[in-house]
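Peer 1: A structural model of the following input is requested.
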Amino acid sequence: MPIRDNKLARSAQERQARASQTKKGLAAIDNQPTVDEQLSRLEEDIRRLKIEFDIYFNGAAKRPPYDTKSRVETLLKRLGDDRTLTFAQRYLYNSLASRYTAFRELWRRTMQGREEGRDAAAAARALARDEASHTQSSATFVCDDAHKDVPTVKQLYDALIEAKMKCGEPTEDLSFPRFHHLIATRADHLKEQLGCERVRFSVDVEGGRVSFKAKGE
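Peer 2: Numbers count the residues shown, from 1 in each chain. Predicted structure coming up:
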């Protein structure tokens with residue numbers, strides 16, 4: 001009987017251990033961030049990485065922020081391999097990936113300029129403007145209600161930021177909340193002034209300069 005009791009006790013302990021491991025696994029899955037949360041984290045990390053590189057290039061940091069850069073690239077790869085992304089999530093991901101690629105190229109050229117003893121920041125801006133001057137692009141977005149249609153306004157914001165980056169224009173003071181407020185106010189004014197129901201916004205790059213326009217429909 002004691003032997004049998006020991007076997008029963010061990011069996012019960014093993015079942016409890018397996019149940020505990022299963023609960024831990026489920027808890028880990030539940031604690032995994034959602035795709036939207038990962039995209040928000042990626043956007044914030046890219047913004048932070050740009051600030052950290054600016055600090056480094058201005059001489060206030062001794063080494064480049066490679067840890068943050070590695071974290072951004074890991075998250076980009078993870079999301080890029082995720083086949084469950086919706087169309088809107090994939091669009092946002094592509095916008096963020098394009099923004100990071102543009103930043104990375106700018107940082108590479110700035111680093112190269114520093115190594116060659118040139119004014120790195122000025123050289124990088126000049127190269128960006130030179131590239132933009134040879135290209136023309138346009139993006140158009142139609143918005144019924146700029147207050148509520150946040151995804152469309154976000155796409156418009158991403159297009160404008162990307163265009164400004166390509167042309168070497170500053171973007172630091174243009175946060176999304178501020179941009180959203182400006183767009184909603186501008187849309188309300190146009191609707192009231194023209195008696196229209198929708199507003200068409202366009203972002204154009206011509207001759208190395210960004211043009212942003214709003215027109216009632």
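
Peer 1: Next, name the residue at the spatial heart of this structure.
Peer 2: When the chain is reduced to its mean C-alpha position, the nearest residue by CA atoms, centre = their mean turns out to be residue 43, at 3.1 Å.

Peer 1: so who does that residue touch?
Peer 2: residue 96 (CB atoms under 8 Å, 6 or more residues apart in numbering). The way it works is simple: take the backbone N, C-alpha and C, and place the C-beta from them, glycine included.

Peer 1: Show me the helices in the chain, by range?
Peer 2: 2-30, 35-57, 66-80, 87-115, 120-133, 150-166, 176-194 (DSSP state H).

Peer 1: Need those in TSV (columns: distance to residue 206 and mean pLDDT).
Peer 2: Putting these into TSV (distance: least, CB to CB, whole Å; pLDDT from 0 to 100) gives the following:
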stretch	distance to residue 206	mean pLDDT
helix 2-30	49	57
helix 35-57	25	88
helix 66-80	30	92
helix 87-115	18	85
helix 120-133	9	53
helix 150-166	10	83
helix 176-194	21	88
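
Peer 1: quick one, which of those is packed in tightest?
Peer 2: Counting by mean count of other CB atoms under 10 Å, helix 150-166 has the highest mean neighbour count of those, with a mean of 20.

Peer 1: surely residue 50 meets residue 104?
Peer 2: No - if you go by CB atoms under 8 Å, residue 50 and residue 104 don't touch, sitting 10.4 Å apart.

Peer 1: Can you work out which residues contact both of these two?
Peer 2: Common neighbours of residue 50 and residue 104 (CB under 8 Å, 6+ apart) do not exist.

Peer 1: Can you point out the buried residues in stretch 189-208?
Peer 2: 190, 191, 199, 201, 202, 203, 205, 208 (16 or more other CB atoms under 10 Å).

Peer 1: what's the closest of those to residue 71?
Peer 2: residue 203 (29.5 Å; CB to CB).

Peer 1: For residue 142, find the nearest of the helices of the chain.
Peer 2: Smallest distance to residue 142 across the helices of the chain (CB to CB): 7.7 Å, for helix 150-166.

Peer 1: okay, the angle between that closest one and helix 35-57?
Peer 2: Put simply, helix 150-166 runs at 20 degrees to helix 35-57, going by axes from the mean of the first three to the mean of the last three CA atoms, to 10 degrees.

Peer 1: and helix 150-166, what does it pack onto?
Peer 2: For helix 150-166, the elements it packs on are helix 87-115, helix 120-133, strand 137-143, helix 176-194, strand 199-206, strand 209-216, judged by 3 or more CB pairs under 8 Å, 6 or more residues apart in numbering; DSSP states H and E.

Peer 1: hmm, who's touching the fourth one?
Peer 2: Just to be clear, that refers to helix 176-194. Contacts of helix 176-194 (CB under 8 Å, 6+ apart): 143, 145-147, 150, 153-154, 156-157, 160, 196-197, 199, 201, 214-216.
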